[in-house]
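Undergrad: Build me a model from this:
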Amino acid sequence: GGRRPPLLPSAFAAELESKSFTNGKDDKPLVKRLYEAAFEEQFGKATVLDYADLGWGDAEAAQLAEVLASGAAPRLETLYLPSNKIGDEGCKALAAALGK
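TA: Predicted coordinates for the structure are as follows:
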């Protein structure tokens, strides 16, 4: 697959638990903190999110909706999703997340 939807820091932390680092160190706590800080900074200031032409369907739209419903992007003004394969269920999830 191509580019996946963003993950909330809690979901990223859960996925990270199944990973291991090739250097043998347990850097998971550091990586979790770095991801959370970067996520909060980038989504906190985002006014435009562009996820065009990624082939996303309802599952990816639902994952994005979870992020948006969390309030992670309070300054969001424009969400681009053209040329994806998002159906009714994905649209419903996004609309609910955006309060429309």
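
Undergrad: Now stretch 71-79: buried residues?
TA: A72, A73, L79 (16 or more other Cβ atoms under 10 Å). (C-beta placed from N, C-alpha, C; glycine too.)

Undergrad: Any regions of this protein where pLDDT drops low?
TA: 1, 100 (pLDDT under 70).

Undergrad: in it, which spans are helices?
TA: Per DSSP state H, the chain carries helices over the ranges 9-16, 28-45, 58-69, 88-98.

Undergrad: So which of those helices is nearest G2?
TA: Nearest to G2 among the helices of the chain is helix 58-69 (9.9 Å), distances taken as Cβ to Cβ.

Undergrad: list the helices and strands that closest one packs on?
TA: Packing partners of helix 58-69 (3 or more Cβ pairs under 8 Å, 6 or more residues apart in numbering; DSSP states H and E): helix 88-98.
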